[in-house]
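> Structure, please.
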Amino acid sequence: QVSLVESGGGMVQAGESLRLSCVGTGGTPTTYARGWFRQAPGKPRELVAGISWRGGSTYYIDSVKGRFTISRDNAQNAVYLQMNSLKPEDTAIYYCALLDYYDGSGSARGWGQGTQVTVSS
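Residues are numbered from 1 along each chain as shown. The predicted structure is shown next:
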């Protein structure tokens, strides 16, 4: 049974930082890649960052490279997204997911409920 719980969203001003957390509970396996997706109003959901299950490989969408960092702690069954230098265009609901592959290929095996990130200019 996959259960993912996100936290850490909020409202910040442009240039500030947030750290999102995603904790797997119950029988959520740690031997899957994990990813952070986001969906802004009127736009499709997109993969922002992904990490392999051992943490050795990562993926970032071009618009967040150099600003966002994904990491994981399998002992805590947790994945994190450190978001620095936030921009208004980063405003979206952010979702954590279990993935077949860290670059988003394959399927998503489970989703969290989402956490809202709002960046004002």
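> got the contact list for the spatially most central residue of the chain?
The chain has Trp36 as the residue nearest its centroid, 2.2 Å off, counting by Cα atoms, centre = their mean. Applying Cβ atoms under 8 Å, 6 or more residues apart in numbering to Trp36 gives the contacts 20, 22, 47-50, 70, 79, 81, 94-97. Heads up, the C-betas are built off the backbone N, CA and C, glycines and all.
> change it to 6 Å
Going by Cβ atoms under 6 Å, 6 or more residues apart in numbering, Trp36 touches 48-49, 81, 94.
> count of residues packed around Gly26?
9 (other Cβ atoms under 10 Å).
> Likewise for Ala75?
Applying other Cβ under 10 Å, I find that Ala75 has 7 neighbouring residues.
> One more: the one 3 residues further on?
By other Cβ under 10 Å, 18 other residues sit near Ala78.
> do the same with Thr69
Thr69 has 16 neighbouring residues, counting by other Cβ under 10 Å.
> what bridges to the residue lying closest to it once chain neighbours are set aside?
With Cβ to Cβ, 6 or more residues apart in numbering as the criterion, Thr69 has its nearest non-adjacent residue at 4.5 Å, and that residue is Gln82. Counting by DSSP bridges, Gln82 forms beta bridges with Arg19, Thr69.
> Please tell me how far Gln82 sits from Leu20.
8 Å (Cβ to Cβ, to the nearest Å).
> Please identify which of the two sits among more neighbours.
Taking other Cβ under 10 Å, Gln82 and Leu20 do not tie; Leu20 has more neighbours (25 against 15).
> What pLDDT does the model give the nearest residue to Ser107 once chain neighbours are set aside?
Distance criterion Cβ to Cβ, 6+ apart; nearest residue to Ser107, sequence neighbours excluded, is Asp100 at 5.3 Å. On the pLDDT scale, Asp100 is placed at 95.
> now Asp100: how far from Leu18?
In terms of Cβ to Cβ, Asp100 sits 27 Å off from Leu18.
> cool, and Thr31?
Relative to Leu18, and taking Cβ to Cβ, Thr31 is found at 28 Å.
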